[in-house]
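[1] pasting a predicted model and its sequence here:
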Amino acid sequence: QVQPVESGGGSVQAGGSLRLSCKASGIILSVFSNSIKGWYRQAPGKQRELVAAITSSGDTNYADSVKGRFAISRDNAKRAVYLQMNSLKPEDTAVYYCNIRGYTDYWGQGTQVTVSS
């Protein structure tokens, strides 16, 4: 059973940085490598939104609100996806979810990020 597991969340002051990690167990390398990997977030009372995504070829896509501050990367050999978050703002506060999209969507349980002003 494929299970992405996020880590690296926490509480930080505005302007600080965090690095989220997502490691997927139970997935074969070729499926992971060919998947689209993304980070989503959901703030209280809001819909889940895409933060960043990276394709199998390494093309990236970011929400306008995080461009220039966040960077997504992956390590296929480790079956891992990362989200480097810099210059964090209070509005970045949310639960962050890892998504691996191949023939099936796989979601992690989420990790809380709290940014205080």
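    Arrived safely, thanks for sending. All values reported here derive from a predicted model rather than from experimental measurement.
[2] look at the residue nearest to the spatial centre of the chain and report its pLDDT.
    By C-alpha atoms, centre = their mean, the mean C-alpha position of the chain lies nearest to W39, the distance being 2.8 Å. Here, the pLDDT recorded for W39 equals 98.
[3] kindly report the same for S25.
    Looking at S25, its pLDDT reads 89.
[4] number the residues from 9 up from this point.
    Okay, residue one is now 9; in that scheme the one you just asked about reads as S33.
[5] which residue packs closest to it, ignoring adjacent ones?
    Spatial nearest neighbour of S33, excluding adjacent residues (C-beta to C-beta, 6 or more residues apart in numbering): Q11 at 5.3 Å. Backbone N, C-alpha and C define where each C-beta goes, glycine included.
[6] what distance do you get for the one you found to K31?
    9 Å (C-beta to C-beta, to the nearest Å).
[7] who has more neighbours out of those two?
    Neighbours were counted for Q11 and for K31 using other C-beta atoms under 10 Å; K31 has more, 17 against 13.
[8] partner residues bridging the nearest residue to the more buried one once chain neighbours are set aside?
    Distance criterion C-beta to C-beta, 6+ apart; nearest residue to K31, sequence neighbours excluded, is A88 at 4.9 Å. When bridges are called by DSSP bridges, A88 pairs up with K31, D83.
[9] do the one 5 residues further on as well
    Beta-bridge partners recorded for M93 (DSSP bridges): L26, F78.
[10] measure it to L28 for me?
    From M93 to L28 the distance is 7 Å (C-beta to C-beta).
[11] how about G17?
    From G17 over to L28 (counting by C-beta to C-beta), the distance is 6 Å.
[12] mutual contacts of the two, please.
    Counting by C-beta atoms under 8 Å, 6 or more residues apart in numbering, the residues touching both G17 and L28 are Y104, T119, V121.
[13] tell me where this structure has strands.
    Along the chain, counting by DSSP state E, strands occupy 11-15, 18-21, 26-33, 44-50, 57-62, 68-70, 78-83, 88-93, 102-109, 113-115, 119-124.
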